[in-house]
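# Sharing a sequence plus its predicted fold:
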Amino acid sequence: MAVNIAAAHTLFLPFSQLSSASSSALQVQLNPTCFPSSRKISKTPISTTSCANVSAASTAALSTGKEEFLPPLEVSEIDGKCKKWVWRGYTINYFVYPDGGGGGGGGAAAPAPPLLLVHGFGASIAHWRRNIPTLAQNRTVYAIDLIGFGASDKPAGFQYTMEIWAQLILDFLDEIVQRPTVLLGNSVGSLACVIAASESSQSQVRGLVLFNCSGGMNNKAIVDDWRIKLLLPLLWFFDFLLKQRGIASYLFDRVRQRETLRNVLLSVYGNKESVDEDLVEIIRKPALDEGALDAFVSIITGPPGPNPVNLIPNITLPVLVLWGDADPFTPIDGPVGKYFTSLPDRLTNVKLFLLEGVGHCPHDDRPDLVHEKLLPWLANLSPP
């Protein structure tokens, strides 16, 4: 069976590197619908009518049009300028850049639509630190900590679902942004954006950008993969173990150790230089909060949520898919990767770029490659 039990889930799955049979089950559980393949990823060019096979050779580019590739923000600057929003009685952490939300619109031309950045499981706003300045040159950029993550509330006993996160996104657009917005998400955050877009009116969401979209909140997502079906009894048993507080607490304490986190991150990033101390702390700090363990258990043992296979065909908005082809969790030749690879041939609103040698979190792994493809796509969006 070609299952890479040595890796954890969506970056945020610090939950690997636990050496035991139970840790193996945990790692499988956290991999949303995607089993790493032992086969080499095909480099066959994708249809050039709506997508392309990307080469890393252009990384020397320093700008795209009038928008330069700018250095990242400091994590301390992000933390110091975050704002709070009360949603259904819970405090949600968010960030606006430039501060004040008056992002450039290009003089007399219609203002560019704002962006909302949505992190993956275990991450937070600061995971976009390498992207925010570059993206904010001609538009306002918002980033949010989903409930259960970052500096947002982690309420005891809360039942986390993909639908809850999607509704949080839609309510944030209604109450805070109040303009048609392009949603950008990574991993589970991508799926939350897909669900939100499928439920929104045209007036809320202007477009979608998906970075290695997951197939579900956890590996109980419904997919046609015999390996997941074979392991379902093990996953259910592991759910039972995690609902025992002592066992869950022990595993979670192991997971949030710095070296464990660093090893997991190194396993899911293609560019190892991107795995710095700031990144480790971005993942580790929120995991120390009260309520983080409850979120961890609820997400792993909860329902997988809607499948993107059933949602994407109903979305007519412009969609850009950027996929790291060295992702051990959602490999391009796994069930989810194969589905997204097939979309440009069937849906004219979808563009796909494969990013060579890039892992599960393209925006942070190789921001230069991401910006090279993302900025022109954003610039070409027609006015709402």
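Noted; the coordinates are in hand.
# Next one, pLDDT for the spatially closest residue to Ala166 that is not a sequence neighbour please.
Closest residue to Ala166 apart from its sequence neighbours, by CB to CB, 6 or more residues apart in numbering: Ile195 at 3.7 Å. For every residue, glycine as well, the C-beta is placed using N, CA and C. At Ile195, the pLDDT value in this model is 97.
# Ile195 reaches Ile164, doesn't it?
No. Ile195 is beyond contact range of Ile164, at 10.0 Å (criterion: CB atoms under 8 Å).
# which of those two has more neighbours?
Legend: neighbour count by other CB atoms under 10 Å for Ile195 and Ile164, higher for Ile195 (22 against 18).
# residues in contact with Pro71?
Pro71 is in contact with Pro133, counting by CB atoms under 8 Å, 6 or more residues apart in numbering.
# Next one: it from Arg129, what distance?
With distances taken as CB to CB, to the nearest Å, Pro71 is found 10 Å from Arg129.
# Next: Ala295.
Taking CB to CB, one finds Ala295 at 22 Å from Arg129.
# Which one of the two is surrounded by more residues?
A side-by-side neighbour count of Ala295 and Arg129, using other CB under 10 Å, places Ala295 first with 25 against 22.
# mind listing the strands for this protein?
Under the criterion DSSP state E, the chain contains strands at 51-53, 63-64, 67-68, 83-87, 90-97, 115-118, 141-144, 181-186, 205-211, 319-324, 350-355.
# What strands line up against the longest one, and which way round?
What it means is strand 90-97. Here strand 90-97 has these sheet partners by DSSP bridges: strand 83-87 (antiparallel), strand 141-144 (antiparallel).
# now the third one
When pairs are called by DSSP bridges, strand 67-68 turns out to pair with strand 63-64 (antiparallel).
# re the thing from before, let me have the strands of the chain in TSV, extended by mean neighbour count.
Formatted as TSV, these follow (neighbours: other CB atoms under 10 Å):
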stretch	mean neighbour count
strand 51-53	18
strand 63-64	15
strand 67-68	16
strand 83-87	13
strand 90-97	20
strand 115-118	27
strand 141-144	26
strand 181-186	28
strand 205-211	25
strand 319-324	25
strand 350-355	23
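# Please produce JSON lines containing those strands, extended by mean pLDDT.
Output for those, formatted as JSON lines (pLDDT from 0 to 100):
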{"stretch": "strand 51-53", "mean pLDDT": "37"}
{"stretch": "strand 63-64", "mean pLDDT": "42"}
{"stretch": "strand 67-68", "mean pLDDT": "84"}
{"stretch": "strand 83-87", "mean pLDDT": "98"}
{"stretch": "strand 90-97", "mean pLDDT": "98"}
{"stretch": "strand 115-118", "mean pLDDT": "98"}
{"stretch": "strand 141-144", "mean pLDDT": "98"}
{"stretch": "strand 181-186", "mean pLDDT": "98"}
{"stretch": "strand 205-211", "mean pLDDT": "97"}
{"stretch": "strand 319-324", "mean pLDDT": "98"}
{"stretch": "strand 350-355", "mean pLDDT": "98"}
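# So which of these is nearest Gly291?
Across the strands of the chain, Gly291 has its closest neighbour in strand 90-97 (10.7 Å, CB to CB).
# can I get the CA coordinates of that closest one in PDB?
Output of strand 90-97 as PDB, limited to C-alpha atoms (Å, rounded to 0.1, in the frame of the first residue of the first chain):
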ATOM      1  CA  TYR A  90     -17.000  34.400  19.800                       C
ATOM      2  CA  THR A  91     -14.000  36.700  19.300                       C
ATOM      3  CA  ILE A  92     -12.400  36.300  15.800                       C
ATOM      4  CA  ASN A  93      -9.000  37.600  15.000                       C
ATOM      5  CA  TYR A  94      -8.400  39.300  11.700                       C
ATOM      6  CA  PHE A  95      -5.900  41.500   9.900                       C
ATOM      7  CA  VAL A  96      -6.200  44.300   7.300                       C
ATOM      8  CA  TYR A  97      -3.400  45.600   5.100                       C
END
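# List of residues touching it?
By CB under 8 Å, 6+ apart, the residues outside strand 90-97 that reach it are 73, 78, 81-86, 124-125, 132-133, 136, 140-145, 147, 150-153, 155, 168, 172, 176.
# Buried subset of those as a ChimeraX selection?
Only the buried members of the contacts of strand 90-97 enter the following ChimeraX selection, criterion being 16 or more other CB atoms under 10 Å:
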select :73,78,82,85,124,125,132,133,136,140,141,142,143,144,145,147,150,151,152,153,155,168,172,176
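# mind listing the helices in the chain by residue range?
Taking DSSP state H as the test, the helices found in the chain are 21-29, 75-81, 132-135, 162-172, 188-199, 226-242, 245-255, 258-268, 277-287, 292-301, 308-311, 335-346, 362-365, 367-379.
# Determine which stretch of those is the most buried.
Sort the helices of the chain by mean neighbour count, taking mean count of other CB atoms under 10 Å, and helix 362-365 sits at the top with a mean of 28.
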